[in-house]
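Asker: Below is the sequence, then the predicted model.
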Amino acid sequence: MLGAIAVLSASTVAIFQQNLKRMLAYSSVAQIGYLALGISLATPAGLTATILHLFNHALMKGALFIALGCIAWRIGSSRLQDFAGLGYRMPWTMGVFVVGGLSLIGIPLTAGFISKWYLVLAALEKGWWPVIVVIIAGSLLAVLYVWKVVERAYLAKPPENATRAEAPASMLIPAWLLAIANLYFGSQTDLSVGVATRAAAELFGIAP
């Protein structure tokens, strides 16, 4: 119950944030809600999904926060109103943000999709349909707050005095490593799912 409230309420509040640091912070509260949902299933499958999402959330939110750090370093702001045309002014940085955002939503071939998929499977195994509804609703709400950033960055006209300038490589490289990790673990799941499955089995005392 508390997990569902966290997912839906924090995601809704995130939609109305104009400061992206606050938006991502509320999004993190929602992701903790997903973890609580997985734990509440009290099954090996649910715990596997929880451990998996804990790892994948670190990848997606790490990429998003570093990308936001790059933007704040360059333009001196993390407010949405200052993101106009940023997709053209800082294309590499916004590329990281888009990948992280897609993973946060749970688009296939991203790490976020894998852990949400395993949460859905765990809920199906126990017949908890309301949990599945919450997961889908949370993803749809994430579309709204991720899209408003993408829309502002790519569809809004940049200021006349805006120049194209990226963050330094020392910031971009780790950001892109996390973005690539989101894509890698969204298509190659043997390692992440395998470790999560074994850890859950150990905790339930059913490991071979």
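Answerer: Looks like it came in fine. Numbers count the residues shown, from 1 in each chain.
Asker: okay, now the residue lying closest to residue 162 once chain neighbours are set aside: neighbour count?
Answerer: Using C-beta to C-beta, 6 or more residues apart in numbering and skipping residues adjacent in sequence, the residue nearest residue 162 is residue 89, 5.5 Å away. Yep, even glycine has a C-beta here, placed from its N, CA and C like the rest. A count of neighbours around residue 89, defined by other C-beta atoms under 10 Å, yields 21.
Asker: Double-check residue 89 against residue 164; I have them as touching.
Answerer: Yes. Contact between residue 89 and residue 164 holds when scored by C-beta atoms under 8 Å: they sit 5.2 Å apart.
Asker: residue ranges of the helices in this protein, please?
Answerer: Applying DSSP state H to the chain gives helices spanning 2-15, 20-40, 44-75, 86-89, 91-105, 111-126, 129-155, 169-187, 190-204.
Asker: For these, give me TSV that also has mean pLDDT.
Answerer: Written out in TSV, the entries for these read as follows (pLDDT from 0 to 100):
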stretch	mean pLDDT
helix 2-15	92
helix 20-40	95
helix 44-75	95
helix 86-89	91
helix 91-105	96
helix 111-126	95
helix 129-155	95
helix 169-187	96
helix 190-204	91
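Asker: right, so those: which one is the most enclosed?
Answerer: For the helices of the chain, the stretch with the most neighbours on average is helix 91-105, a mean of 24; neighbours defined as mean count of other C-beta atoms under 10 Å.
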